[in-house]
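Asks: I need the structure of the sequence given here:
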Amino acid sequence: MFSPYHSSGFYYTPVTKGLLTLLILASVAFNVPLSAYRRWFTVTYSTVFEHVQFDKFLASRCVFLDPKDILCAAVLLYHFRIFERRYGSTKFMSYVLGSWCISMILELCFLYLFHHLDIRVSRQLGPLPTGPWGAVFALFIPYFSDIPRVAVMHVWGIPVTGKSVTYIIGLQMMSSSLESLLLALCGLLSGLVYKNDMLLIQSWLKVPRPFGDVAGLTVGHLFTSPAPKDLNTPMGATLELQRLHRIEQLEQQSLWAQIPQQQAQGGFGLFRRTPAPPTDAQIESNVQSLVDMGFTRDRAAVALRQSANNLEVATNLLLVTH
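Replies: Numbering: from 1, shown residues only. Coordinates of the predicted model:
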């Protein structure tokens, strides 16, 4: 499991750091010294389809004007920087830009559709919130599908995972208004389209590698963060191998730290509930489940023994040590 709270900060994530820096600076600029120009970013159906001001629509997708939105988006992007470390900066930027473009097309389509269907929802729509909503919410798709869900505690029987806070922030952001919900849904749809490579979209809607190389040589040093003092970078043939090795180490450390919490669910200290030892039938059932996933029986048995027969934790351990 990736930990968004690790002290490595923006190490190996120059794209995320640059994107966050630009979004925050633009938000501050148009809320304080340039507040008189906020009207440039007000977008409705008539703005786009009657006055044909598509440039105004594109501008509105580039800056958050609502302080709450920029705060939530900044926290979410900081959590999602884990994907830049795994994919690499060029591929991560391709995902962000690709899903961003798709989400804007979807927003225009839904806006046009709602208006011409003349349904009740369309009559309630006001000006669209500003900001790159699609780029932010599209990252929830790989976050949901690729990041293991490991419960760290239970509240009234409901499992709380390390991902819960991220989801709560996203729900807070999208529940502000009907317009916010529409933009968030378009972002999620764009993430599904790009991640699943529908219509082979990843092959033509991406950042060319030479462009990424040029950007790295020109402005890359402005957003490069030094390695944390506690980070002992492993030796490897390439920087990519070192990065992948370090990611695997972080995943394993996080999983090992969570195993005692999994074993002690339901209480603390003297009132800690000791789980009943698993039966032979339960162990064999879990071993067979892991074997069916493609792991060997010996490795499955070792992982289950290390995780106190917790199938979810054992699966994650096998995945990060595969």
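
Asks: burial of I168, as a residue count?
Replies: Other residues within reach of I168 by the criterion other CB atoms under 10 Å amount to 10. C-betas here are computed from N, CA, C, even on glycine.

Asks: confidence score at it?
Replies: On pLDDT, I168 comes in at 92.

Asks: What's the separation between it and F137?
Replies: Computed as CB to CB, to the nearest Å, the I168 to F137 distance reads 14 Å.

Asks: next one: S94
Replies: 17 Å.

Asks: wait, isn't V75 in contact with I169?
Replies: Yes. Between V75 and I169 there is a contact at 5.6 Å, judged by CB atoms under 8 Å.

Asks: coming back round to it: more neighbours: S94 and F137, which one.
Replies: F137 (25 against 20).

Asks: ok, which stretches of this structure are strands?
Replies: 151-155, 158-161 (DSSP state E).

Asks: among these, which gets the worst mean confidence?
Replies: When I compare these, strand 151-155 is least confident, with a mean of 63.

Asks: Off-centre distance for stretch 161-180?
Replies: 12 Å (CA atoms, centre = their mean, to the nearest Å).

Asks: Could you give me the buried positions within that stretch?
Replies: Buried residues in stretch 161-180, counting neighbours by 16 or more other CB atoms under 10 Å, are found at 161-164, 166, 169-170, 173-174, 177, 179-180.

Asks: Can you pick out the most distant pair from those residues?
Replies: G162 and E179 (30.6 Å; CB to CB).

Asks: who's in contact with the closest residue to T21 other than its chain neighbours?
Replies: Sequence neighbours aside, F223 is the residue nearest to T21 in space, at 7.1 Å (criterion: CB to CB, 6 or more residues apart in numbering). Contact partners of F223, counting by CB atoms under 8 Å, 6 or more residues apart in numbering, are 10, 14-15, 17-18, 21.

Asks: List only those of those residues flagged as buried.
Replies: 10, 14-15, 17-18.

Asks: Farthest out from the centre of the chain, which residue is that? Tell me.
Replies: For the chain, the largest distance from the centre (CA atoms, centre = their mean) belongs to D280, which lies 39.0 Å off.
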